[in-house]
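Trainee: Structure of the sequence below:
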Amino acid sequence: MIRLNAIAFWAIFLSLEMVVLEPSMAGEADVVTVEAHQESKGLWRFNVTVRHDDTGWDHYVNKWDVVSEDGEIIATRVLHHPHENEQPFTRSLSGVKIANGVKSVIVRAHDSVDGYGGQTQIVSFD
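Mentor: Sure thing, here's the model as predicted:
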């Protein structure tokens, strides 16, 4: 009888663990490509393509950032809904102020479960 209870315990434990872990199965959000276009002096438009296995409202890409070389967030594009049927997807952000003399920025994506950590892209200004 003890053996059956131990088996039942582990079966229940493992099934509960799978339910808890399921939302994070989508992995981290990867920035696939970035196009940066100068709109006017000091202002840029970023077209950012992100790949993530959104599963719905429980796990989706909820923003991407343009970050300076020293880690300061320059601009953020908030994403207000999941894109589970549109992968990868591209969204834009205009009016991003890049200070004169900045040589490069990093574009990173954030998801609602894993946060940051996926593939980033560096944009160089020549």
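Trainee: contacts, neighbours, all on C-alpha from now
Mentor: OK.
Trainee: can you count the residues close to the closest residue to Asp114 other than its chain neighbours?
Mentor: Spatially, and ignoring its direct neighbours in sequence, Asp114 is nearest to Glu28 (6.0 Å; CA to CA, 6 or more residues apart in numbering). For Glu28, the neighbour count with other CA atoms under 10 Å is 25.
Trainee: Start the count at 628 instead of 1 going forward.
Mentor: I'll keep to 628 as the first residue from here, and by that count the last item is Glu655.
Trainee: helix/strand/coil for Glu655?
Mentor: Under DSSP: H, G, I helix; E, B strand; the rest coil, Glu655 falls in the coil class.
Trainee: Was I right to think it contacts His686?
Mentor: No. Glu655 sits out of contact with His686 when judged by CA atoms under 8 Å, with a separation of 9.9 Å.
Trainee: Identify the contacts common to these two.
Mentor: Shared contacts of Glu655 and His686 (CA atoms under 8 Å, 6 or more residues apart in numbering): Asp738.
Trainee: circling back to that earlier point, tell me the spacing between the residue nearest to Asp741 and Val723.
Mentor: 25 Å (CA to CA, to the nearest Å).
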